[in-house]
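Undergrad: compute the structure for the input listed below.
(chains A and B)
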Number of protein chains: 2
Amino acid sequence: MIEIERKFLVCSDAFKTEAISEKRIVQGFLNTHPERTVRVRIKGAEGFLTIKGKSNESGTTRYEWEETIALTDAEDLLKLCEEGMVAKTRYEIPIGKHKFEVDEFLGLNKGLVVAELELKDEGEFFEKPIWLGLEVTGELKYYNSQLSKNPYKHWKK
Amino acid sequence: MIEIERKFLVCSDAFKTEAISEKRIVQGFLNTHPERTVRVRIKGAEGFLTIKGKSNESGTTRYEWEETIALTDAEDLLKLCEEGMVAKTRYEIPIGKHKFEVDEFLGLNKGLVVAELELKDEGEFFEKPIWLGLEVTGELKYYNSQLSKNPYKHWKK
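TA: Here you go, the predicted structure:
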């Protein structure tokens, strides 16, 4: 299916008091080509395999296929992945009619906090919480597949 | 799981009279890196997603993960694949206690016919039918992921 998503930096820790869930995510990539990424993820105690296509010009929409897989399979497949695992804590935060997913990155991406919002159409209105910062939708360097190869720590600030 | 497989060229059409099934296969690759290939396959009316690791030194054993996926998903995912679809007809041929899978390639790989045999261990005995030719186990150029990029037609004979 086609996913419509917008992505923002997060400018304060205030989101944490509003979070309804918090899960550890570890993921690796079997492929980090921007036209077709294949991701192996362990989220809490669940395994996932996710394939994403190329984004449209604005970076808002992207083909996405995902299925749950056995946790032991996910563990095996993570070992096959390219170097550069991405680890983060994911918080779910309901704001008005929407749900923000905020990723607080760990390891070499520590310091980076990003909020994602899934929408039904590109122009859909949504409430902006006070901790929401600059929009970075479609910026390649914020893709997790790119963070695995060029982590936040190595960016020129 | 770890697959143990040996691969041979096929030197005559005689296998066709012994075949118990014949199915058309079309497949593409989301990734053709020898250390981790991700394959999308349509076989008859079924979809499959397969992830393979790197072979051992002799080319006989390789980690393999496979799940069936919806046919419509397989069709969508094929569109995401790298250039160079591989098409072939697969014949199943029981010989003694084993089952050979013979792939007769089509398109740019026409002329190439390859037999594969799955074994329980590397040294297992198996009956060799008269149409079985040279062993090519572990030869990279016969990997389907490589045939998609460098098809048989372009090989220097």
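Undergrad: if the residue of chain A found nearest chain B is in a bridge, with which residues?
TA: Nearest to chain B, among the residues of chain A, is residue A:31, at 4.1 Å (C-beta to the nearest C-beta). Any C-beta I mention is one placed from the backbone N, CA and C, and that applies to glycine too. On the basis of DSSP bridges, residue A:31 is bridged to residue A:38.
Undergrad: what sits against it?
TA: A:37-38, A:82, B:30-31, B:33, B:36, B:38 (C-beta atoms under 8 Å, 6 or more residues apart in numbering or on different chains).
Undergrad: for those, which PyMOL command selects only the ones that are buried?
TA: To isolate the buried members of those in PyMOL, using 16 or more other C-beta atoms under 10 Å in any protein chain shown:
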select buried, (chain A and resi 37+38+82) or (chain B and resi 30+31+36+38)
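Undergrad: name the nearest of the contacts of residue A:31 relative to residue A:138.
TA: Distance to residue A:138 across the contacts of residue A:31 (C-beta to C-beta) is lowest for residue A:37, with 14.6 Å.
Undergrad: so who does the closest one touch?
TA: By C-beta under 8 Å, 6+ apart, the neighbours of residue A:37 are A:29, A:31, A:50-52, A:143, A:145.
Undergrad: ditto for residue A:65
TA: A:1, A:50-52, B:73, B:76-77.
Undergrad: ok, residue A:21 touching residue A:91?
TA: Yes - with contact defined as C-beta atoms under 8 Å, residue A:21 reaches residue A:91; the gap is 7.0 Å.
Undergrad: for those two, work out which one has more neighbours and name it.
TA: residue A:91 (21 against 10; other C-beta atoms under 10 Å in any protein chain shown).
Undergrad: host element of residue A:42?
TA: Assigning secondary structure by DSSP states H and E places residue A:42 in strand A:36-43.
Undergrad: which helices and strands does the helix or strand following that strand pack with?
TA: Downstream of strand A:36-43, the next assigned helix or strand under DSSP H and E is strand A:46-55. With contacts taken as 3 or more C-beta pairs under 8 Å, 6 or more residues apart in numbering or on different chains; DSSP states H and E, strand A:46-55 sits against strand A:36-43, strand A:61-69, helix A:71-80, helix B:71-80.
Undergrad: go through those and pick out the most buried.
TA: Compared across the helices and strands packed on strand A:46-55, strand A:36-43 shows the largest average neighbour count, a mean of 22 (mean count of other C-beta atoms under 10 Å in any protein chain shown).
Undergrad: flag the shaky bits of chain A, pLDDT-wise.
TA: A:157 (pLDDT under 70).
Undergrad: that one against chain B: which residues are in contact?
TA: Contact residues (C-beta under 8 Å from any C-beta of the partner chain) of chain A with chain B: A:30-31, A:33, A:35-36, A:38, A:49, A:51, A:53, A:63, A:65, A:67, A:69, A:73, A:76-77, A:80-82.
Undergrad: contact partners for residue A:114?
TA: With C-beta under 8 Å, 6+ apart, residue A:114 has these contacts: A:7-10, A:102-103, A:105, A:136, A:142.
Undergrad: what lines up beside the host helix or strand of it in the sheet?
TA: Assigned by DSSP H and E, residue A:114 belongs to strand A:113-118. When pairing is defined by DSSP bridges, strand A:113-118 lines up against strand A:2-10 (antiparallel), strand A:98-105 (antiparallel).
Undergrad: would you mark the buried spots in the first one?
TA: Neighbour-count burial for strand A:2-10 flags A:4-8, A:10 (criterion: 16+ other C-beta under 10 Å).
Undergrad: next one: that strand to chain centre, how far?
TA: 9 Å (C-alpha atoms, centre = their mean, to the nearest Å).
Undergrad: which residues outside it are in contact with it?
TA: A:60-64, A:102, A:113-122, A:124, A:131-139, A:142.
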